[in-house]
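[1] Sequence and computational prediction follow.
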Amino acid sequence: MLATALPHQAAVEKTIERIRRAARSLRVRDSQAERRRLFQTMPRKPELNNLIDRKLAYGMLPERISEALPAAIKFAQQVREERRNAPAKKKADYNPTILDPKRYEDAPALFDLILSDEILQVASDYLGEIPVLMSVKLWCTPQNDHLKGSQLFHLDNQKWLLRRSKFLINMDDVDSDCGPFTFLPGDVSERISRAIGTMKLQGRVPDKIIYEHCKPEDTISLIGKAGTGGFVDSSRCFHFGARVRKGERLLLQFNFLSLADAVHGGTIVRTKAFDERFGNDRIRQLVIPNRDTDKTVVQDDED
Ligand SMILES: O=C(O)CCC(=O)C(=O)O
């Protein structure tokens with residue numbers, strides 16, 4: 001498989017991406033300027049500064065990153081109980097999404113966490129601007145014996161230049177049997193990407209190929225009690241999850257992109273309930289730029 005990648009292919013792919021991104025940036029330059037300006041004025045907690053090492057492209061979240069976390073966990077566990085017997089959507093056999101909220105009122109406790117000062121600080125610091133919230137997913141992964149789809153190592157959206165602020169938070173205790181989200185740091189992943197040579201082959205990569213370039217000990221698994229979790233740039237760090245061999249896993253995933261990579265504004269919409277909760281908070285309006293009447297909302301299938 002590796003031998004088929006042409007040596008110059010990566011360079012060609014990068015050049016095309018660079019041109020396309022520059023064109024998109026041009027389309028959104030006013031909003032981009034506002035996002036960069038407001039980024040400088042965000043409320044910040046000193047202990048969260050430099051949480052993400054840019055070379056490694058990940059960071060472990062401090063315990064109780066936000067005061068909103070306990071209510072979010074309670075909400076997620078309640079949803080799990082309510083949906084236990086409901087038919088699952090998408091990837092039903094190995095990683096069912098039990099909640100995919102699009103509006104504040106669909107999951108107030110989750111949005112209070114996702115839109116907390118602390119989460120927005122970490123997400124924005126990594127991307128250098130107030131980013132766009134792309135999607136929110138609550139997964140309740142049952143025991144299974146599959147090894148397919150996002151259970152295989154992959155990079156989200158397969159782009160050389162894409163940067164993604166992704167958060168993965170265990171909503172219940174997760175051990176090594178529960179199919180934890182598992183990833184390789186950015187520097188190790190970059191080495192593997194270069195060896196593969198083209199992004200076209202990095203959507204699903206068998207373990208055997210990955211471990212030709214690194215050791216199983218290089219992987220990091222998000223194991224821990226409810227509330228533990230990590231920030232992982234899943235477009236730079238190879239990752240997989242949902243290999244649940246015993247028990248089950250309840251995981252909250254949400255992610256942000258820079259506006260130049262999300263010109264359509266993500267899958268979440270602002271509603272009256274959002275306005276009532278956040279008023280005219282400009283930072284949060286930029287994080288969820290589309291109103292519920294907008295027609296531009298896109299699907300997001302990054303996982
Ligand atoms: O933990 C998992 O189920 C994998 C999720 C995944 O691939 C992703 O969030 O991009």
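    Looks like it arrived, so ask away. Note that the coordinates shown come from a computational prediction; the quantities given were computed from them, not determined experimentally.
[2] Where do the helices of the stretch 101-250 of the chain begin and end?
    Assigned by DSSP state H, counting those that start in this stretch, the stretch 101-250 of the chain shows helices spanning 108-114, 117-127, 186-196, 207-210.
[3] now those in CSV, with mean pLDDT and mean neighbour count?
    C-beta: built from backbone N, CA, C; applies to glycine. Below are the helices of the stretch 101-250 of the chain laid out as CSV (pLDDT from 0 to 100; neighbours: other C-beta atoms under 10 Å):
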stretch, mean pLDDT, mean neighbour count
helix 108-114, 98, 23
helix 117-127, 98, 22
helix 186-196, 97, 18
helix 207-210, 98, 14
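[4] Quick check, the residue in this protein closest to the ligand?
    residue 241 (1.8 Å; C-beta to the nearest ligand atom).
[5] pLDDT score assigned to that residue?
    Per-residue pLDDT puts residue 241 at 97.
[6] got a list of what the residue nearest to it when sequence neighbours are not counted touches?
    The shortest distance from residue 241 to any non-neighbouring residue, by C-beta to C-beta, 6 or more residues apart in numbering, is to residue 181 (4.1 Å). By C-beta atoms under 8 Å, 6 or more residues apart in numbering, residue 181 lies in contact with 168, 221, 222, 230, 232, 239, 241, 251, 253.
[7] near the ligand, which residues of this protein show up?
    Of all the residues in the chain, those in contact range of the ligand (C-beta under 6 Å from any ligand atom) are 95, 150, 156, 181, 234, 239-242, 251, 253, 302-303.
[8] So for the protein, which residue is the most central one in space?
    Centroid-nearest residue in the chain, with C-alpha atoms, centre = their mean: residue 166, separated by 2.7 Å.
[9] Show me what it is bridged to.
    residue 232, residue 255 (DSSP bridges).
[10] what sits against it?
    Residue 166 neighbours (C-beta under 8 Å, 6+ apart): 156, 231, 232, 233, 234, 253, 254, 255, 256.
[11] Quick check: of those, which lies closest to residue 59?
    residue 231 (4.8 Å; C-beta to C-beta).
[12] Now do that closest one against residue 224, distance only.
    Taking C-beta to C-beta, to the nearest Å as the measure, residue 231 falls 14 Å from residue 224.
[13] Show me which of those two is the more surrounded one.
    A count of neighbours by other C-beta atoms under 10 Å puts residue 231 above the other of residue 231 and residue 224, at 24 against 17.
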